[in-house]
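Undergrad: sequence and predicted structure, then a few things I'm wondering about:
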Amino acid sequence: EDQVTQSPEALRLQEGESSSLNCSYTVSGLRGLFWYRQDPGKGPEFLFTLYSAGEEKEKERLKATLTKKESFLHITAPKPEDSATYLCAVQGAGANNLFFGTGTRLTVIP
Amino acid sequence: NAGVTQTPKFQVLKTGQSMTLQCAQDMNHNSMYWYRQDPGMGLRLIYYSASEGTTDKGEVPNGYNVSRLNKREFSLRLESAAPSQTSVYFCASSVSMGHAEAFFGQGTRLTVV
């Protein structure tokens, strides 16, 4: 059964304090791993797709990496506007949908 | 470019009432989805439509029905609402099932009393 575990559940950072969010997954034949950002009262906003171990993608202060068992979302020198819940999702081989984790709620304090 | 538009944004229903949540996308995507999001749980798939004219059950379909009206529109119907259906509902779309980068609407917050 597909499973996605995100840690920590919540993270408070000072502005400029870099850190990483973790997404551990179990899936039969990974087709893709996805990162989304969700602001309060809004729908998830697509950030990245990773397809194979060793792959990395970057966008502004965010960098996503992938191994065979987990993915990390690295946040470098975060700003208050990076505060949001970050969701990880996987799609397995033969699956027709994304399987989501419960997210990490990030708060960046000025 | 509006993306994925959901209506209504908020709704309160009494137990046993019915309602339809509307969703439309203007990105010419083939696949559309309905998810629900509950506190402490990840987004869970209710129904999906891989392409116009097809619909299939997801992880939690009981108590719901869907209609893929055309390529743009995908509606979710609650025939007899129950308090357990209190949730935030999201519609999403993607180019196809194989390209699963999904784009989400703003959500409908539904309360069943």
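TA: The structure has been received and is ready for your questions. From a predicted model like this one, the values you see are computed outputs, not experimental measurements.
Undergrad: CA only for contacts and neighbour counts going forward, please
TA: Fine.
Undergrad: and residue B:78, backbone torsions?
TA: With angles defined as degrees, to the nearest 10, residue B:78 shows backbone torsions of phi -100, psi 110.
Undergrad: beta partners for it?
TA: Assessed by DSSP bridges, residue B:78 has beta-bridge partners residue B:19, residue B:64.
Undergrad: looking at it, it is touching residue B:63, isn't it?
TA: Yes: shown here, residue B:78 and residue B:63 form a contact pair, counting by Cα atoms under 8 Å, at 6.3 Å.
Undergrad: who has more neighbours out of the two?
TA: The residue with more neighbours, out of residue B:78 and residue B:63 and counting by other Cα atoms under 10 Å in any protein chain shown, is residue B:78; that gives 18 against 14.
Undergrad: check what pLDDT the more buried one gets.
TA: pLDDT recorded at residue B:78 is 97.
Undergrad: the nearest residue to residue B:102 once chain neighbours are set aside: neighbour count?
TA: In space, not counting the residues next to it along the chain, residue B:102 is nearest to residue B:94; the distance is 4.7 Å by Cα to Cα, 6 or more residues apart in numbering or on different chains. Neighbouring residues of residue B:94 were enumerated by other Cα under 10 Å; the total is 21.
Undergrad: could you measure from residue B:94 over to chain A?
TA: Separation of residue B:94 from chain A (Cα to the nearest Cα, to the nearest Å) stands at 11 Å.
Undergrad: output the contacting helices and strands for the helix or strand where residue B:76 lies.
TA: When elements are defined using DSSP states H and E, residue B:76 is found to belong to strand B:74-78. Using 3 or more Cα pairs under 8 Å, 6 or more residues apart in numbering or on different chains; DSSP states H and E, the elements in contact with strand B:74-78 are strand B:19-25, strand B:31-37, strand B:64-68.
Undergrad: between those strands, which one is closest to residue B:9.
TA: Across these, residue B:9 has its closest neighbour in strand B:19-25 (9.3 Å, Cα to Cα).
Undergrad: quick check: mean pLDDT of that closest one?
TA: The average of the pLDDT scores along strand B:19-25 is 98.
Undergrad: and the gap between the most centrally placed residue in chain B and chain A?
TA: Among the residues of chain B, the one closest to the centroid is residue B:34, at 2.8 Å (Cα atoms, centre = their mean). When distance is defined by Cα to the nearest Cα, residue B:34 is 10 Å away from chain A.
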